[in-house]
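J.: Take this sequence and fold it.
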Amino acid sequence: MSTIKYSSQIIGKEDFLLKTSLNNTYQSPELVKISLNLGILDVVKEKKKILLSLISLEVITGQKAITTRSKKINPSLKIRRGMILGSKITLRKNSSFSFLDKLCLLILPQIRNLKIFHVASNSHLSFRVENPLVFLELENKFMFFTNLPFLDITLVSNSSNKLENTLFFSQFFLPFYSKKS
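T.: Coordinates of the predicted model:
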């Protein structure tokens, strides 16, 4: 069992009950999924970048990536409908906790200019890793992955309101803020 999974399932639920008015530990929110997205803007010029984004996501997570396609036509960017624009992966259950463990303990401390994340009112926390080469798997094969775009990471929980959402994501020791309503 990973350290993040243990802390969220055992310690986090008990702490959550003390800070909120819930009656049962089963009412506390849980991590539903983690979505990783690599979107490429200059696909029209260099189509080989799609293959690099697919391979890089597979190397980072150990799962097969899916290509994302455009839904609308954008003539100014020369994007047609159905054109491949990037790749994405959705992690659930144990693979999400192992990735979150690696992210919180190894990757985020290495980032020097770490921006503060924003927790939205709905049940997700989104942030961007500007240099995906901080992942050790990609750093070993540096020559292949030199021009990777930003990596967008979204953590999704099943919390019902903003207070639960803020308390839930605070147990992972992520730097974030929540706008006061």
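J.: Strands of the chain, residue ranges please.
T.: 31-39, 66-69, 84-92, 117-119, 124-129, 151-157, 176-178 (DSSP state E).
J.: Next, the buried residues of the fifth one.
T.: Buried residues in strand 124-129, counting neighbours by 16 or more other C-beta atoms under 10 Å, are found at 124-125, 127, 129. Just so you know, the C-beta spots here come from the backbone N, C-alpha and C atoms, and that holds for glycine as well.
J.: model confidence over the longest helix along the chain, on average?
T.: When the chain is parsed with DSSP state H, its longest helix is helix 48-61. The pLDDT scores in helix 48-61 average 84.
J.: re the thing from before, any chance of TSV for the buried residues of strand 124-129, columns distance to I10 and pLDDT?
T.: Formatted as TSV, the buried residues of strand 124-129 follow (distance: C-beta to C-beta, whole Å; pLDDT from 0 to 100):
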residue	distance to I10	pLDDT
H124	24	82
L125	21	83
F127	26	83
V129	29	84
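J.: Turn the residues you listed into CSV, including distance to N158.
T.: Output for the buried residues of strand 124-129, formatted as CSV (distance: C-beta to C-beta, whole Å):
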residue, distance to N158
H124, 10
L125, 13
F127, 19
V129, 24
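J.: Name the nearest of those residues relative to Y6.
T.: Checking the buried residues of strand 124-129 against Y6 with C-beta to C-beta, the nearest one is L125 at 20.2 Å.
J.: Give the residue spans of this structure that score low on pLDDT.
T.: The chain contains residues with pLDDT under 70 at 1, 42-46, 75-77, 113-121, 175-181.
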